[in-house]
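Undergrad: missing the sequence, but the structure's below:
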């Protein structure tokens, strides 16, 4: 996982710089996300790893799948990845690209996990308080997980704010 | 111990009552790979070097390699239950161990948890295992002796409080025996002892504990044990753990003695960890910083001055200096002191006690090689009597060694040479001492005086030890007050000299041995 990130980093950086120059980061983001989903398909993974499939065939196949989502420079990028046989890095590249983009635009993606679904108002108040805490605009992605029992769990990158009942029970268990 | 059930539930109830619910914020990562006790973790962007990391199932690891996308963690203890994808939490704390008086008399593992079955350790103080050594301003020069209770060492290779004196030698030369005698001899002196066993057999540690208990030396001793079966990480941190426990006493103006038995095995454990962490190997496959692991450890053994003690105790302890004396042990292979780790540690310490298997096998125990052993600072700390008398002993032995080799070839020796050889033989014999029978300053002074004044010269060589034993018991029964004065003052004044001289003369006239 970490080794893949190291390999994917130069690609992601290059794409991000290019996207900034041309002001097309939103398009790039979409096409990378699409490419990443495509590459996670098992059948396609089999094809990419099959030595009988030539580079040319692979490029044609991928471009055929992605033709609506990927434009000029994207096509070149896919060709480059195939040439360097790094096509399987697409998910990592997409992930790193998103993190660069988020950093550049000054927001963080935050996962808010709660035991029960949040109302719109609650989500808003979460956004306000998290913005204060993290000193950055937040992009909330809410989800529901019953195993928390109650409370909430906020994940922003590596840092976690655990205000859930299950987390507190674990703390209590440790204390005893 | 029988636990009262209501007591437990009361305890738990109290803990539940006192448990304050708070929102916990921490940094998380995921386990990528687990290999031989080394765990690679993705994420953990805020982890510190040496930070404790919490793994599922109440196990902990120490962050050692901080890389761009991952953290290399070495597990402290069992890691069999860790699997790929487990979450790892930062604790925000560098590894800490319990310290305090309550540890005295206990046997603990490298993390400070008791392993002697005597229940919990009642202390609330903890201290990080890795600390920076006292600075230049905080230090005071070594000028008080610490008696190891062995004639050959206290007379010729004196150790001062706050000194680092290496004990080096092959396997089976009596390195541990010297250390144990040193601990036994601290009984009643107020010096606290810490014995750190690294990579040893559990049976040997049990033996040490038993011997110390037998001689009533366990009450002032802490034993930190990281046996051969424990993980390399624990063997690596055990000396630092012991050092922190010793620093506790040093910092409150007391004297402590720490024995690292032995640092070769610690270096091996560190080599194993480093190679598994894929750090580049250097000489003898040790990593580049193998010098630093020992130098930073031994630098923490120091004597600190009155002001520093006052500062560290917030003014509670005034007018006292604190010291931590270290006796690291290094095991050589085939007497090779020029191997990597031995040379490193020799260069760090303030002298070495060099033990030889040849001497050991020829019955000279402790098998101290008086020529190669040195103490670079201890001379300033010797008691007056031992210093005055020990100088002669050292000289006698040096001359003897020089002549002995040469005398093997010459059958006809002039009078003075023969005398020197005979004196040397007797002094060598006198330097022998049984295990677990450390001597006080006065006893040592009397024996050395007898040798210096030539009382031994008329004896058969194999009668020297019998003579000494008889003399000591005579002195103890007839001249207890003289022994007491010497032990209290440590002086070798005219009266004392005369007292010893006349006592020995009467002893020779009246007694048989």
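TA: Yes, it's here. Just so we're clear, the structure is a prediction, and the values are computed from it rather than from any experiment.

Undergrad: quick one: mean pLDDT for whichever helix or strand residue B:249 is part of?
TA: Residue B:249 is part of helix B:232-251, with elements assigned from DSSP states H and E. Mean pLDDT, helix B:232-251: 96.

Undergrad: scan chain A for its longest helix.
TA: Counting residues, the longest helix found in chain A (DSSP state H) is helix A:2-22.

Undergrad: need the residues of chain A near chain B, please.
TA: Taking Cβ under 8 Å from any Cβ of the partner chain as the contact definition, chain A meets chain B at A:1-3, A:5-6, A:155, A:157-163, A:167-168, A:171-172, A:174-176. Any C-beta I mention is one placed from the backbone N, CA and C, and that applies to glycine too.

Undergrad: contacts for the helix or strand where residue A:56 lies next, please.
TA: Using DSSP H and E, residue A:56 maps to helix A:55-66. Residues from elsewhere that reach helix A:55-66, judged by Cβ atoms under 8 Å, 6 or more residues apart in numbering or on different chains: A:31, A:34-35, A:38, A:44, A:47-48, A:53, A:70, A:74-75, A:78-79, A:82-83, A:87.

Undergrad: swap the cut-off to 7 Å and go again
TA: Residues outside helix A:55-66 that contact it (Cβ atoms under 7 Å, 6 or more residues apart in numbering or on different chains): A:34-35, A:38, A:47-48, A:75, A:78-79, A:82-83.

Undergrad: can you classify residue A:142 by secondary structure?
TA: Three-state call for residue A:142 (DSSP: H, G, I helix; E, B strand; the rest coil): strand.

Undergrad: hmm, residue A:116 and it touching each other?
TA: No: with contact defined as Cβ atoms under 7 Å, residue A:142 does not reach residue A:116; the gap is 10.9 Å.

Undergrad: poorly predicted segments of chain A, please.
TA: A:1-2, A:176 (pLDDT under 70).

Undergrad: what about the helices in it?
TA: Using DSSP H, helices in chain A cover A:2-22, A:25-39, A:42-49, A:55-66, A:72-83, A:90-105, A:120-134, A:165-175.

Undergrad: roughly how far is the helix holding residue B:249 from the heart of the chain?
TA: With Cα atoms, centre = their mean, to the nearest Å as the basis, helix B:232-251 stands 11 Å off its chain's centre.

Undergrad: swap in stretch B:87-106?
TA: Computed by Cα atoms, centre = their mean, the chain-centroid distance of stretch B:87-106 equals 22 Å.

Undergrad: what's the mean pLDDT across that stretch?
TA: Stretch B:87-106 comes out at a mean pLDDT of 94.

Undergrad: residue ranges with poor pLDDT in the stretch 1-150 of chain B?
TA: By pLDDT under 70, the low-scoring segments of the stretch 1-150 of chain B are B:1-8, B:19, B:21.

Undergrad: strands of that one, start to end?
TA: For the stretch 1-150 of chain B, strands defined by DSSP state E, counting those that start in this stretch occupy the ranges B:24-35, B:38-43, B:51-55, B:59-66, B:70-76, B:87-94, B:96-98, B:107-109, B:126-128.

Undergrad: of all those, which lies closest to chain A?
TA: strand B:70-76 (3.6 Å; Cβ to the nearest Cβ).

Undergrad: and the residue nearest the centre of chain A?
TA: By Cα atoms, centre = their mean, chain A has its centre lying nearest to residue A:95, at 3.8 Å.

Undergrad: wait, what's in contact with residue 48?
TA: If you meant another chain, say so; for now it's chain A. Residues in contact with residue A:48 (Cβ under 7 Å, 6+ apart) are A:58, A:87-88.

Undergrad: let me rephrase: I mean chain B.
TA: Residue B:48 is in contact with B:63, B:94, counting by Cβ under 7 Å, 6+ apart.

Undergrad: for it, grab phi and psi.
TA: Main-chain torsions, residue B:48, degrees, to the nearest 10: phi -100, psi 160.

Undergrad: show me what counts as buried in the lengthiest helix in chain B.
TA: Longest helix in chain B by number of residues, with DSSP H as the criterion: helix B:384-407. Under the neighbour-count criterion of 16 or more other Cβ atoms under 10 Å in any protein chain shown, helix B:384-407 has B:384-393, B:396-397, B:399-400, B:403, B:407 buried.
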